[in-house]
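Asker: test case, fold it:
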Amino acid sequence: MQINKQGVWGEVFAARYMRDHGYDPVTANFRSREGEIDIIARKDGFMCFVEVKTRGENAISQPKEAVDIAKQQNIIATAQIFAKAYPHFEQDRFDVCEVYLDKNMKPVKINYIENAFNG
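Answerer: Below is the predicted model of the structure:
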């Protein structure tokens, strides 16, 4: 299995960004039979289920465009499995974090989208 280095670095920079902006990390790469959630974190009464999408700085399309309806449904189903395994009182929220990297895998821009889609 080949590792997507760009994606791994994107998740590292997204987690750092979130921590610097007051998010309390719960877990990363939560997997279920339905799919995977890149980052789960708490902030301001929300349990945030975050999909991280990483692209090069000159990408033609926005990373968030890759989070289509099918991907959203997988994330929602996985979040439901997480909620059953780890009950919580926070309101669920589905966010997308777009990370743009230069050719040296350094972050050029991070765009964090709260409530990117409804669950």
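
Asker: pLDDT on stretch 19-38, on average?
Answerer: For stretch 19-38, mean pLDDT rounds to 97.

Asker: and the gap between Asp95 and Ile76?
Answerer: Asp95 sits at a distance of 13 Å from Ile76 (criterion: C-beta to C-beta, to the nearest Å). C-beta coordinates here come from the backbone N, C-alpha and C atoms, glycine included.

Asker: give me the more crowded residue out of these two.
Answerer: Asp95 (22 against 18; other C-beta atoms under 10 Å).

Asker: give me the pLDDT value at that one.
Answerer: Looking at Asp95, the pLDDT reads 98.

Asker: from here on, call the first residue 55.
Answerer: Yes, from this point I'll number from 55; that puts the last item at Asp149.

Asker: bridged to the closest residue to Gln145 other than its chain neighbours, which residues?
Answerer: Once flanking residues are discounted, Gln145 sits nearest to Phe100: 5.4 Å by C-beta to C-beta, 6 or more residues apart in numbering. Beta-bridge pairing of Phe100 under DSSP bridges involves Lys97, Gln145.
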